[in-house]
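Could you work out the structure for the sequence below:
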Amino acid sequence: MKQNTHPKYEAIVFNDLASGTKFLTRSTATSKKTIEWEDGNTYPVIDVEISSESHPFYTGKQRIMDSAGRVERFNARFAGFGKK
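As a prediction, this is how the structure comes out:
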């Protein structure tokens, strides 16, 4: 295998800004910003807007859209479009 072709796969902390949750994982992503973790080690940290801790699909707070009403309104609006 060729040397120095793959990025480094190291421990990193992701900080969910929406929920305030932080989790330690491994990734090839890098950051100059660091944080001291619970184990006393310092790791790079990446701030993310949303993660599985705050995403509505994973938290069960998902809203169901009324798509049937939208389709009916679209069809009514463009019913005569293209007819001569």
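
Name all residues that make contact with Lys8.
By Cβ atoms under 8 Å, 6 or more residues apart in numbering, the contact set of Lys8 is Thr28, Thr30. The C-beta positions use only the backbone N, C-alpha and C, and glycine is treated the same way.

per-residue confidence for it?
pLDDT for Lys8: 89.

all strands in this protein, in order from the N-terminus.
Secondary structure of the chain, counting by DSSP state E: strands at 10-16, 22-27, 34-36, 42-48.

Buried ones in stretch 37-52, by neighbour count?
Residues of stretch 37-52 classed as buried by neighbour count (16 or more other Cβ atoms under 10 Å): Tyr43, Pro44, Val45, Ser51.

Surely the third one and Leu17 touch.
No - the pair formed by Val45 and Leu17 falls short of the contact definition of Cβ atoms under 8 Å, at 11.3 Å.

Between the strands of the chain, which one is closest to Asn4.
For Asn4, the closest of the strands of the chain is strand 10-16, at 15.3 Å, according to Cβ to Cβ.

contact partners of that closest one?
Outside strand 10-16, the residues that touch it by Cβ under 8 Å, 6+ apart are 21-31, 35, 37, 41, 43-48, 50-51, 53-54.

just to revisit the earlier point, which one, of the strands of the chain, ends up nearest to Ala76?
strand 42-48 (41.5 Å).

For the closest one, enumerate the helices and strands it packs against.
strand 10-16, strand 34-36 (3 or more Cβ pairs under 8 Å, 6 or more residues apart in numbering; DSSP states H and E).

Neighbouring strands of the shortest one in the sheet, and parallel or not?
For strand 34-36, the pairing partners within the sheet under DSSP bridges are strand 42-48 (antiparallel).
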